[in-house]
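A.B. asks: sequence isn't available, so here's the structure alone:
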């Protein structure tokens, strides 16, 4: 328990979710933590008279800003660990899903990074502290 592994998870809603998964327990209640959960979409393109299968990925929770999701164990029908090939594909598609996310793409950095302060103000404050210091050589 408490070890991350790449898994494909069938949810009670019918969705198949791919994620890094950890089974956890707290207060005698078991639950899963999904990191970077994605769902795959099947698309077909018509190319020169032939249909071509083109898979694509999207974040499981499109507008979530956190990449970690807590899931009740009762919401999972089955879970299967991915092999190395599946894990490599998942990592590729998880990166694509993050880039396609409407929240990540349109988020304005200045509005969502918290208070960072101002270099000019910090510089002035440090200079003032230095100038008020008693250790300034004459």
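C.D. replies: Structure's in. What do you need? Computed from a predicted structure; not experimentally measured.
A.B. asks: surely residue 125 is in a strand?
C.D. replies: No: read with DSSP: H, G, I helix; E, B strand; the rest coil, residue 125 is helix and lies in no strand.
A.B. asks: may I have the strands that pair with the longest strand seen in the chain, each with its orientation?
C.D. replies: Longest strand of the chain, by residue count under DSSP state E: strand 29-47. In the sheet, strand 29-47 lines up against strand 16-26 (antiparallel), strand 50-59 (antiparallel), strand 68-72 (antiparallel) (DSSP bridges).
A.B. asks: got JSON lines for those, with distance to residue 81 too?
C.D. replies: In short, each C-beta sits where N, CA and C put it, glycine included. Below are the strands paired with strand 29-47 laid out as JSON lines (distance: least, Cβ to Cβ, whole Å):
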{"stretch": "strand 16-26", "distance to residue 81": "8"}
{"stretch": "strand 50-59", "distance to residue 81": "19"}
{"stretch": "strand 68-72", "distance to residue 81": "16"}
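A.B. asks: just for this structure, where's the confidence low?
C.D. replies: By pLDDT under 70, the low-scoring segments of the chain are 1, 103-118, 134-138.
A.B. asks: can you point me to the longest helix in it?
C.D. replies: Criterion DSSP state H: the longest helix present in the chain is helix 84-100.
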